[in-house]
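Novice: Coordinates only, no sequence provided:
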């Protein structure tokens, strides 16, 4: 049993009979019991911040930099708890949260955080859409916002249907991530593969590694694959680092020979949305909207 669950169980034993109700929710590591409608929450997963704030729940504490612009107001109002990789444990302790949420880049902080308060791991990884929607349902249950969660789910389903319609029978796509001058490709089994799976969008290259960081590729690879569409994620833009941007990197004579370039069918996604907060309900809808707009524009 996870230390987070043990910690939560110990607290429940110690509390008097009028203690808060508990409920069971599905987490990345299995079912866990948490207090219903916790008032003070510390969140170390940006996808979780995304979905929880979309439900209208105040995030009490979070990393100082959330990287995504649409969560700037949330970051401004929340207590600064350090970073995903280096949490400020003293600040977390001072916050006295009723619940701590970790996930993804902060998942390995579950055990030390569980020494401070009940903690759950809400990582979204293997199935971005499925797990993202599962987290939406869980947060709706935890914070007594089931109606709002259902409303958000309906909006997502509508956006997904609209985007599927926009990409239907429009040809193949290759998803690439640029990191300065370096390029990686992602297939259906990769980190951004949900774009292919959820939209039934045909892959231009069928044998791409499912590595977390994608498969390192060359301009010759893009030329040979010759996708109808290029869907681009600029890592440097996502993390706010200086360097050669995606448009500069892809402005290459070999890329110029592809159908995607010749037909101006290159979609530059909002990189932070899909790279940083991927799986959050707002992030997924924003990414789908970008793809829909890109395909409808041609």
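Specialist: Yes, it's here. These numbers were taken from a predicted model, which means no experiment stands behind them.

Novice: Flag every buried residue along the lengthiest helix in the chain.
Specialist: Assignment by DSSP state H gives helix 146-167 as the longest helix of the chain. Residues of helix 146-167 classed as buried: 148, 149, 152, 156, 159, 160, 163, 164, 166, 167 (neighbour count, 16 or more other CB atoms under 10 Å). C-beta here means a position set from N, CA and C on the backbone, and glycine is covered the same way.

Novice: looking at it, the first one is touching residue 137, isn't it?
Specialist: No. Taking CB atoms under 8 Å as the definition, residue 148 is not a contact partner of residue 137, at 11.4 Å.

Novice: Which parts of the stretch 51-200 of the chain are strands?
Specialist: Counting by DSSP state E, counting those that start in this stretch, the stretch 51-200 of the chain has strands at residues 61-62, 79-80, 99-102, 119-121, 173-179, 182-186.

Novice: Between strand 182-186 and the longest one, find me the angle.
Specialist: Relative orientation of strand 173-179 with respect to strand 182-186: 140 degrees, computed using axes from the mean of the first three to the mean of the last three CA atoms, to 10 degrees.

Novice: Could you shift the numbering so residue one becomes 59, and keep it that way?
Specialist: I'll keep to 59 as the first residue from here, and by that count the last item is strand 231-237.

Novice: so how far is strand 231-237 from its chain's centroid?
Specialist: Here the centre of strand 231-237 is set off from its chain's centre by 17 Å, with CA atoms, centre = their mean, to the nearest Å.

Novice: what pLDDT, on average, does that strand get?
Specialist: Confidence over strand 231-237 (mean pLDDT, whole number) is 97.

Novice: Now do residue 355, the pLDDT please.
Specialist: Here the pLDDT value assigned to residue 355 is 81.

Novice: What is the neighbour count of it?
Specialist: Taking other CB atoms under 10 Å as the criterion, the count of residues near residue 355 is 10.

Novice: That one and residue 347, how far apart?
Specialist: Going from residue 355 to residue 347 by CB to CB, to the nearest Å gives 12 Å.

Novice: Where does pLDDT dip in the stretch 209-356 of the chain?
Specialist: Judged by pLDDT under 70, the stretch 209-356 of the chain has its weakly predicted residues at 270.

Novice: what residues go with each domain of the protein?
Specialist: Recorded structural domains for the chain (assignment: automatic domain parsing) are 61-203, 225-354.

Novice: tell me which residues in stretch 255-268 are buried?
Specialist: When burial is assessed from 16+ other CB under 10 Å, stretch 255-268 yields the following buried residues: 256, 257, 259, 260, 261, 262, 263, 266, 267.

Novice: Just put these in TSV and tack on secondary structure.
Specialist: Converted to TSV, the buried residues of stretch 255-268 look like this (DSSP: H, G, I helix; E, B strand; the rest coil):
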residue	secondary structure
256	helix
257	helix
259	coil
260	coil
261	strand
262	coil
263	coil
266	coil
267	coil
